[in-house]
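> I'll drop the sequence and a predicted model, then ask my questions.
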Amino acid sequence: MSPDLKDTVLDEELENKLLQFIKSLDGWMPKEIKGLKVDYYQYLTYKIENGKVSEVLP
Amino acid sequence: MEKFQRYYLSFLLLIVYTNTIAQVNCNAVEGENCKKACELYNWASNLQGFAESQEGFDKAIELCPDFSRAYMEKAVPYLKNGDFVTWKILIDKAVALDPQMHLGYRGWTKFQFLRDYKGAIQDLEGLKKYYPEDLGRSQNGDYNLDVVRAMSYSALGQKGKAAGIIERLLATRGYVKGIFDHYQLGVTYFELGRYDKALENFEKQSKEYNFAENIYFKSKVSKIRNKDYLDLKMLALQTYDEGKTMKDVYTHHFNKVYRKEIEEL
């Protein structure tokens, strides 16, 4: 999204860097419900200002 | 009753309340089609996130294109799934149809999910035209929306303005304090280098509801003042491990502190 919250195209190099960073994370905690491991997802939101990540939201 | 329990009880009541207000009294809606749309909306709101719920909102919009609540509720699952672009298109439609009803929610969401501080301020100041005395609460019930406005100014570097907004609120007769008000004000004063005022607010926060982040900042003040801060640091870590931290179901709180940061103090 652009700063005015409209659909936009992300810089390819930055996009790849972020993707590689996310893939390098290894702290995923398996979730269990009543003793059974379950599938789940989590998205991370990156706020990017002037080409730099200024905030990361879980 | 313990203050902590009292807080959770009021939070529980708030959840019940917010779920109740999502339902609309359709008898008060004018026009046959809009009445039908309203009933569909009530039904679909109870199935949030399911395909049939989204289809229900679509039908409601088809029947009554000016029924703003249908756009707003249709937008919510997109927000929760991280599809902010689609969310924005729908929530903008709801706001355009009824700004008085939806500006507060959009402003809060811009702050909470997107850290769009300028956008949040714009919406919340727009809301002031309709509710000059009291902007109401954030969707999660933790803050008065004026505190959200203050935090947005703080994030943009206008710390003095932010502190002024919260101070005025706290001095307002009948103001219902949010659970993190003194903490947020304390952090703002800390960032301004006004450590006496910061500590005063962290102490007030401790008396109402204490948590790891608040203790961490008290420890930071002690360290800056060359006083013993290690006991407070250990207490912050212990409190963190007990799970008494700032929590949010969807994202993390403004001025949240993680364990690693406490360890590194």
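Happy to help now that I have it.
> Of all the residues in chain A, which one is nearest chain B?
The minimum distance from chain A to chain B, using C-beta to the nearest C-beta, falls at A:Tyr43 (4.1 Å). In short, each C-beta sits where N, CA and C put it, glycine included.
> doesn't B:Gly107 make contact with B:Val148?
Yes: assessed by C-beta atoms under 8 Å, B:Val148 is found in contact with B:Gly107 at 7.0 Å.
> Between the two, which contacts overlap?
Shared contacts of B:Val148 and B:Gly107 (C-beta atoms under 8 Å, 6 or more residues apart in numbering or on different chains): B:Ala120, B:Leu124.
> Helix, strand, or coil at the residue of chain A closest to chain B?
Three-state call for A:Tyr43 (DSSP: H, G, I helix; E, B strand; the rest coil): coil.
> which residues does it contact?
By C-beta under 8 Å, 6+ apart, the residues touching A:Tyr43 are B:Asn81, B:Gly82.
> quick one: the helices in the chain?
Looking at chain A here, since you left the chain open. Assigned by DSSP state H, the helices in chain A fall at A:12-24.
> that answer is for a different chain, and I need it for chain B
Using DSSP H, the helices of chain B run over B:3-21, B:32-45, B:51-63, B:68-81, B:84-97, B:99-114, B:117-128, B:145-155, B:159-170, B:181-191, B:195-208, B:212-224, B:230-241, B:259-263.
> burial measure for the residue in the stretch 151-265 of chain B that chain A sits nearest to, as a count.
Distances between the stretch 151-265 of chain B and chain A by C-beta to the nearest C-beta are smallest at B:Thr251, namely 4.7 Å. By other C-beta atoms under 10 Å in any protein chain shown, 15 other residues sit near B:Thr251.
> That one - nearest residue in space that isn't next to it in sequence?
Leaving out its chain neighbours, the residue that sits closest to B:Thr251 by C-beta to C-beta, 6 or more residues apart in numbering or on different chains is A:Leu57, at 4.7 Å.
> my read: that neighbour touches B:Asp248, true?
No: A:Leu57 is beyond contact range of B:Asp248, at 9.8 Å (criterion: C-beta under 8 Å).
> was I right about B:Gly56 contacting B:Glu39?
No: with contact defined as C-beta under 8 Å, B:Gly56 does not count as touching B:Glu39 (9.8 Å).
> Tell me where the chain is predicted with low confidence.
Since no chain was named, I'll use chain A. By pLDDT under 70, chain A has no low-scoring segment.
> please go with chain B instead
B:1-22.
> Spatially central residue for it, please.
For chain B, the residue sitting closest to the mean C-alpha position, by C-alpha atoms, centre = their mean, is B:Ser138 at 3.8 Å.
> where's the closest residue to it other than its chain neighbours relative to B:Asp142, distance?
Computed as C-beta to C-beta, 6+ apart, the closest residue to B:Ser138 that is not its neighbour in sequence is B:Trp108, at 4.6 Å. Per C-beta to C-beta, to the nearest Å, B:Trp108 is found 10 Å from B:Asp142.
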